[in-house]
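> test case, fold it:
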Amino acid sequence: MATYKVQVSTGQEPIAGTFDSIFITLVGSRGESPKHALDAFWVDFQPGAVGEYEVPSAQSLGQIVLVRLHKEPYSFFPENIWFCNFVRVTSPEGQTYHFPCYQWIYGYCTVELAESTAKTPCDDAHPLVQKQRREELVLRQERYSQAQNSGVLASCTAPPLTTSPCSLPKTRGHNLKGWHVSAASPEYVTEHWKEDEFFGYQYLNGVNPVVIRKCTELPDNFPVTHEMVAGFLGESASLHEELKVMLPVLTPINKPISPTSSLTQYIAAPLCLLHQKPSGALVPLAIQLSQHPGPNSPIFLPSDSDWLWTLAKTWVRSSEFHLHEVTSHLLRAHLLAEVFAVATLRQLPMCHPLYKLLVPHIRFSIHIDVLARTFLVSPGGVFDRAIATGRQGLADLLRKSFENLTYTTLCLPDDIQERGVASLKNYYYRDDGLKIWAAIESFVSGIVAIYYRTNLAVQGDHELQAWVGEIFAKGFLGRQASGVPSALSSVAELTKYLTMMIFTCSAYHAAVNAGQFELAVFMPNSPSSMRKPPPQNKAPVTLEDPGADPVLKGLSGLYASVFNTLPVPFQRSLGTYPEEHFTEEGPKQLMAAFQDRLAEISREIEERNQSLTLSYTYLYPPNIENSTAI
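All right, here's what the predicted structure looks like:
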């Protein structure tokens, strides 16, 4: 007779416990134990509890490779879910085995858990474990289905995904005001929104710092001359050397606010040139509110009357609002995170090292997108009621933006070079982002080196290749022009790919999400809708002129309510790993080193911010969520 000591940990959340009967079977290299009830007289499986049990076996089981948890009815109690953290087994010989779970278990069922040592399919030699990882993926692929022929855009059109242990958080409401501390407070925005320097600053360090690019030559459809702007450039500056240009991929529209409304709202597709002064201040030089120059599309200049110039800038801010919310935020952060999450859950079993690496960075990503589809982009939702594109315009803009999405864009160092902004002054998004990218890359490189010693090991991991292939085929629709890999053939390629994924789901999302309340709650700074068409001439306007009223009355409160519409999970900052998916010493040391580097970056940002009028905190590591969870 052999007796095994078993510990079973239940999650901390108030409804994590269960009254269902829980049984366990231990599976070893020499056989398996009988199914044994885990019963310690009414103290079992309560929130936060770690139950201790003894499980008998007629013989020694050898190395424990699997445990089976059986969830069955108890007396007259109705079935309820259970969140199991982990199972720990100690053999009579004193060997301890860990079995991570960290998931909600629904219904009456049997769940098999593999021993915690991370293994690629080539490393898992035991037939029972190979069978378990295949069956786990079959179950996951039944639970998570990929929409056909929709790519990343499926998240806005497909029915909500079935919730699952990895996608159903228990959440609490959270007022974003004050959560991310920044000098660009709503009060500051209200006071400075008309200023050229604050206008330009937001393209460096606002919520959409990824659209500014170097202007190597002026577009043919933007006939700005040196004479127009010479007075604002300074004596030594050249128009072709000093300017940056923003080119939104917007289509001008006008549409009714609602089917029964007589009011119409508008979107323009402007061009905006900016100039960086020797002081580092970035200011607008010229604005054209359409893509087609001509008598009805004048070029607005800082020398125009105060309110005319302000109105032109407000039109740019309105267009940039839609570009930010739909392209930079929804597409590049939320929908990509969901693609990564679904592919990871469908193609990588829990024992795979890449699953263990990525699962903290896809936490709640599916759930938050289900909520967004329910409340924001559903028919009659916030986009239809408060935002000029409406739901249909959102889909159109998504498709156009998706066609332009590239792997270069998603990889920050490559994106910085491609946009030609490596030498811009005071570009704190770039500076902090590159540090965080490098920290993630170093962490990922260490993990990859442990489990993939050679390029052949990467090529031979069929689960890894299926995962990459599904992201390319289902997420990017096999679009070769995107440059997104359809397969990975080297350690270096895998490291870059994983770095891109983790950066996108954490730091990138924080950069385009964190400042929305501060910068957008004062609507003239970021109008979600315009109720008059763009000016077609330079006729004087005043604040009392209806054309200078940039936003639909009453929408400010509705749009601001978005920030309290979606619940916020308990925050986990980048590099925080409370769930012990990796139990080996090597990954743990790499996690500690990653956390140390993030702490160094935090100190560097704190020191830098002390000298700034406006501190930049959106990429301050304690403010960065580990995943796209809000």
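
> hmm, which helix or strand of this structure has the shakiest average pLDDT?
helix 154-157 (a mean of 43; mean pLDDT, DSSP states H and E).

> C-terminal to it, what's the next element?
Moving toward the C-terminus from helix 154-157, the next helix or strand (DSSP states H and E) is helix 186-192.

> point out where this protein drops to low pLDDT.
42, 146-183, 235-263, 543-570 (pLDDT under 70).

> can we see that at 80?
41-43, 145-184, 233-264, 382, 384-386, 388, 542-570 (pLDDT under 80).

> so what does the one helix or strand residue 494 maps to touch, helix or strand wise?
Assessed by DSSP H and E, residue 494 sits inside helix 491-503. Other elements packing on helix 491-503 under the criterion 3 or more CB pairs under 8 Å, 6 or more residues apart in numbering; DSSP states H and E are helix 353-358, helix 428-451, helix 455-459. The way it works is simple: take the backbone N, C-alpha and C, and place the C-beta from them, glycine included.

> among these, which is the most enclosed?
Comparing the helices and strands packed on helix 491-503 by mean neighbour count (mean count of other CB atoms under 10 Å), helix 353-358 ranks first with a mean of 24.

> what's that one in contact with?
100, 118-120, 340, 344, 348-350, 444, 447, 450-451, 464, 467, 498, 501-502, 581-582, 587 (CB atoms under 8 Å, 6 or more residues apart in numbering).

> pull out the buried residues from these.
100, 118-120, 340, 344, 348-350, 444, 447, 451, 464, 467, 498, 501-502, 581-582, 587 (16 or more other CB atoms under 10 Å).

> tell me which of the residues you listed fall in strands.
Among these, the members found in strands (DSSP state E) are residue 100.

> just the helices in the stretch 1-150 of the chain please.
127-143 (DSSP state H, counting those that start in this stretch).

> re the thing from before, export the helices and strands packed on helix 491-503 to JSON lines and tack on distance to residue 216?
Converted to JSON lines, those look like this (distance: least, CB to CB, whole Å):
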{"stretch": "helix 353-358", "distance to residue 216": "38"}
{"stretch": "helix 428-451", "distance to residue 216": "19"}
{"stretch": "helix 455-459", "distance to residue 216": "37"}
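
> right, and those - which one's nearest residue 28?
helix 353-358 (22.6 Å; CB to CB).

> gap between the closest one and the chain center?
17 Å (CA atoms, centre = their mean, to the nearest Å).

> what's downstream of it, the next helix or strand?
Defined by DSSP H and E, the subsequent element after helix 353-358 is helix 365-375.

> helices or strands next to that next one in the packing?
By 3+ CB pairs under 8 Å, 6+ apart, helix 365-375 packs against helix 154-157, helix 336-347.

> now for the following helix or strand past that helix, which elements pack on it?
Beyond helix 365-375 in the direction of the C-terminus, DSSP H and E gives the next helix or strand as helix 382-386. Counting contacts by 3+ CB pairs under 8 Å, 6+ apart, helix 382-386 packs against helix 390-403, helix 555-560, helix 562-565.

> would you mark the buried spots in helix 382-386?
Buried residues in helix 382-386 (16+ other CB under 10 Å): 382-384, 386.

> kindly reformat those as TSV containing distance to residue 289.
Shown next, in TSV, are these (distance: CB to CB, whole Å):
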residue	distance to residue 289
382	26
383	23
384	25
386	22
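
> from those, which is closest to residue 410?
Looking across those and measuring by CB to CB, the closest to residue 410 is residue 383, at 24.5 Å.

> got the contact list for the closest one?
376-377, 389-391, 394.

> for residue 308, same thing?
300, 535, 538, 540-541.

> please pick the buried ones from the residues you listed.
300, 535, 541.

> just the closest of the residues you listed to residue 73, please.
Nearest to residue 73 among the buried ones among the contacts of residue 308, with distances taken as CB to CB, is residue 535, at 70.3 Å.

> the closest one belongs to a helix?
No. Assessed with DSSP: H, G, I helix; E, B strand; the rest coil, residue 535 is coil; it does not lie in a helix.

> I'd assumed residue 289 was in contact with it.
Yes. Between residue 535 and residue 289 there is a contact at 7.2 Å, judged by CB atoms under 8 Å.

> quick one: common contacting residues for those two?
In contact with both residue 535 and residue 289: residue 312, using CB under 8 Å, 6+ apart.

> test my guess that residue 458 contacts residue 449.
No. Contact between residue 458 and residue 449 fails when scored by CB under 8 Å: they sit 11.4 Å apart.

> joint contacts of those two?
Counting by CB under 8 Å, 6+ apart, the residues touching both residue 458 and residue 449 are residue 491.

> tell me, how many residues neighbour residue 127?
9 (other CB atoms under 10 Å).

> whoops, residue 422 was the one
12.

> now it: which helix or strand?
Counting by DSSP H and E, residue 422 is found in no helix or strand.

> touching, it and residue 415? I think so.
No. The criterion here is CB under 8 Å, and residue 422 misses it with residue 415 at 10.5 Å.

> next one: phi and psi at residue 530?
Residue 530 adopts backbone torsions of phi -120, psi 140, taken as degrees, to the nearest 10.

> helix, strand, or coil at the residue lying closest to it once chain neighbours are set aside?
Nearest residue to residue 530, sequence neighbours excluded (CB to CB, 6 or more residues apart in numbering): residue 266, at 4.8 Å. At residue 266 the chain is in strand, as set by three-state DSSP.

> my guess is residue 266 contacts residue 528. True?
No. Applying CB under 8 Å, one finds residue 266 not in contact with residue 528, separated by 11.9 Å.

> re the thing from before, for the contacts of residue 383, give me CSV that also has neighbour count and distance to residue 60.
Below are those laid out as CSV (neighbours: other CB atoms under 10 Å; distance: CB to CB, whole Å):
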residue, neighbour count, distance to residue 60
376, 22, 57
377, 23, 57
389, 25, 66
390, 23, 67
391, 19, 62
394, 20, 62
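
> tabulate those (CSV), appending distance to residue 84.
Shown next, in CSV, are those (distance: CB to CB, whole Å):
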residue, distance to residue 84
376, 33
377, 34
389, 43
390, 44
391, 39
394, 39
